[in-house]
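Chemist: Task: produce atomic coordinates for the following.
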Amino acid sequence: MRNKIIAVNAVIVLIVGLLAFAIVRTQLSLATKNNDALKRSAQRDAVGVAAKLQLDGLRAERWLASKAADPANRALMTKASTPAARSDTARQLSDAIANDARGALGNKPTIVAVVDSAGKILGRNGSDLGRGDDLAATYPAFKDAIAKTIAGSDVWTETKHADQYIASYVPFRDDAQRNMMLVIGIALNDALARVTEASSGRGVLLVNAQGDVLASTQTGDDVKKAVKDASGDVKNAIAGNTVLATGKDNVTFAIAPLEGFGEKKSAVVAAAPTSIVEGAGAIPVSILGVMVLGLILVVAGGWFLGNYISRPLATLEEGLLAILNGQTDKRFDLDHAELGGLAFRIDQLLNQLMGVEEDNTDEQGRVSKAPTAASFNDALSVDRSGQLPGAGAPAPAGASLATEPAEQYYRRLYNEYISAKRSLGEQVDHITDAAFRSRIQGMEQEAQSKHGRPVRYQVQVNGREVVLLAVPL
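Modeler: Residues are numbered from 1 along each chain as shown. Just a heads-up that it's a prediction; the model follows:
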């Protein structure tokens, strides 16, 4: 039984658990892997990152413009009359601007430089390296900005010097009316990390018009490969100056051109997350975990429940087998909330089948409940002194009983007992003459050994019960 209880409940838990797993997994897959929703998510990230980069560029331009307009800075550059002095002064000014930039812009600049009207570096912060480098020749958009003396921002990448900057620049004129440019450059990775904190996808990349990755954050090789394979979409987005959502190799991403950055040859690419809801893949797995817990509880509960039922059933089976093997006085004393009543009814059935009256008295001999049938064990009657009636001499009834032949006595007593039972509406079909006679003879022997004199019985009706009154002979 125990195994059947466990098996049935385990199958139910398995069916419900697996069905719930399949339904939840299917619904979550449909809801979280919606391609249109993923594209919209990627577009929001791409546009947001591009806008933040452009805003940071404008902030840098505004801040540099304030430095260029500072009379102290203009006077500093005016005092330098020789090329060497101008270079030293340019480095001094660059160091001062670099020190102030971190607090003002939120990122530490990689390079701060003063560039002359020909596009060559006069001096830069922290080092004399790069002095004299021609930025105008390297970056055409910067050359045009110098010629027009206009401020701007751009993405600068140059393989020879391993330059990768988000650069902002503003025109600068000293008191001698010499035109120069103040340039500040922040490393691409640092600039990108600053503006991608709120992105929710699989990473953000900065690419050029050929689809080459210039910088990236939290991006896997699969995303980089997909973006590279979609270089045609990158060119179309930059050329059309439009945000384009596309995908390659199960990677969904969006491309947003960087407007206002130099020659507009750069774009931000944001990869969409694999799922709209973060951690959605773990939800169906948690159902499997709950199912396993349910199976463990089913096994534990089935074990205890099986023992609770199987043990009393085994007791009943063993007792019935003993009765079949001849132990007719075997009865069940089973204290069990569910099967105790069944054991009691089996005892009643055995008593009826064997013609044995039930004992309705407690341990002190008191009647504990109104009996439905008279008990052979209550057949002795005592007077107030606790002696059998007529203990000193045979009672008149005892004299007549003593002279009555035994066969006639047992037959008459049986008939009177059956008649009395029937008059009270009780069933007597189970009480046979042989069983009744055997029980009466046993009671007579027990009474004689207890009181030291022979007795015979008379039938009396007390209210709603039939009793056998012992009469001494």
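Chemist: burial of the residue lying closest to residue 430 once chain neighbours are set aside, as a residue count?
Modeler: Excluding its sequence neighbours, the residue lying closest to residue 430 (CB to CB, 6 or more residues apart in numbering) is residue 352, at 4.0 Å. Just so you know, the C-beta spots here come from the backbone N, C-alpha and C atoms, and that holds for glycine as well. If you count neighbours by other CB atoms under 10 Å, residue 352 ends up with 17.
Chemist: Buried residues of the longest strand along the chain, list them for me.
Modeler: Longest strand in the chain, counting residues (DSSP state E): strand 163-173. Using 16 or more other CB atoms under 10 Å as the test for burial, strand 163-173 gives 163-173.
Chemist: C-terminal to that strand, which secondary structure element comes first?
Modeler: Along the chain past strand 163-173, the next helix or strand (assigned with DSSP states H and E) turns out to be strand 179-187.
Chemist: pretty sure residue 249 is touching residue 224, no?
Modeler: No: here residue 249 does not reach residue 224: they are 10.9 Å apart, not a contact under CB atoms under 8 Å.
Chemist: end-to-end on stretch 218-233?
Modeler: End-to-end distance for stretch 218-233: 22 Å, by CA to CA, to the nearest Å.
Chemist: What ranges does the stretch 1-150 of the chain have for its strands?
Modeler: Using DSSP state E, counting those that start in this stretch, the strands found in the stretch 1-150 of the chain span residues 111-116, 121-124.
Chemist: coming back round to it: partners of the longest strand of the chain in the sheet?
Modeler: strand 152-158 (antiparallel), strand 179-187 (antiparallel) (DSSP bridges).
Chemist: hang on, the earlier thing: could you dump the strands of the stretch 1-150 of the chain to JSON lines with mean pLDDT, distance to residue 7 and mean neighbour count?
Modeler: Listed next are the strands of the stretch 1-150 of the chain as JSON lines, based on pLDDT from 0 to 100; distance: least, CB to CB, whole Å; neighbours: other CB atoms under 10 Å:
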{"stretch": "strand 111-116", "mean pLDDT": "92", "distance to residue 7": "75", "mean neighbour count": "24"}
{"stretch": "strand 121-124", "mean pLDDT": "91", "distance to residue 7": "80", "mean neighbour count": "24"}
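Chemist: so which of those strands comes closest to residue 211?
Modeler: Comparison of these against residue 211 by CB to CB identifies strand 111-116 as nearest, at 26.5 Å.
Chemist: tell me what that closest one is packed against?
Modeler: Strand 111-116 sits against helix 83-105, strand 121-124, strand 163-173, strand 179-187, with contacts defined as 3 or more CB pairs under 8 Å, 6 or more residues apart in numbering; DSSP states H and E.
Chemist: Can you tell me which of the ones you listed is nearest to residue 63?
Modeler: Per CB to CB, nearest to residue 63 of the helices and strands packed on strand 111-116: helix 83-105, 5.3 Å.
Chemist: still on that earlier bit, let's have the helices and strands packed on strand 111-116 in a markdown table, adding distance to residue 201.
Modeler: Output for the helices and strands packed on strand 111-116, formatted as a markdown table (distance: least, CB to CB, whole Å):
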| stretch | distance to residue 201 |
| --- | --- |
| helix 83-105 | 26 |
| strand 121-124 | 36 |
| strand 163-173 | 21 |
| strand 179-187 | 22 |
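Chemist: how about the buried residues of strand 163-173, which pair is most distant?
Modeler: Longest span within these, CB to CB: 164 and 173, 29.5 Å.
Chemist: Tell me which of the strands of the stretch 1-150 of the chain lies nearest to residue 204.
Modeler: For the strands of the stretch 1-150 of the chain, the distance to residue 204 is smallest for strand 111-116, at 23.0 Å, taking CB to CB.
Chemist: Return the alpha-carbon coordinates of the closest one using CSV.
Modeler: Extracted C-alpha coordinates of strand 111-116, given in CSV (Å, rounded to 0.1, in the frame of the first residue of the first chain):
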residue,chain,number,x,y,z
ILE,A,111,45.0,64.1,-23.8
VAL,A,112,44.8,67.9,-23.5
ALA,A,113,46.6,69.9,-26.1
VAL,A,114,47.1,73.3,-27.6
VAL,A,115,47.2,73.2,-31.4
ASP,A,116,48.4,76.1,-33.6
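Chemist: ok so, going back, distance check, the residue nearest to residue 430 against residue 181.
Modeler: Noted for residue 352: a distance of 118 Å to residue 181, by CB to CB, to the nearest Å.
Chemist: buried set for stretch 406-415?
Modeler: Within stretch 406-415, the residues scored as buried using 16+ other CB under 10 Å are 409-410, 413-414.
Chemist: again, but for stretch 46-63
Modeler: Buried positions in stretch 46-63, judged by neighbour count with 16+ other CB under 10 Å: 46, 48-50, 52-54, 56-57, 60-61, 63.
Chemist: contacts for that stretch?
Modeler: Applying CB atoms under 8 Å, 6 or more residues apart in numbering, the external contacts of stretch 46-63 come out as 101, 104-105, 151-153, 166, 168-170, 184, 186, 191-192, 194-196, 198-199, 204, 243, 253-261, 267-270.
Chemist: try stretch 203-213
Modeler: 45-46, 49, 155, 157, 188, 192, 196, 214-220, 223-224, 227-228, 230-232, 234-235, 238, 255, 265-271.
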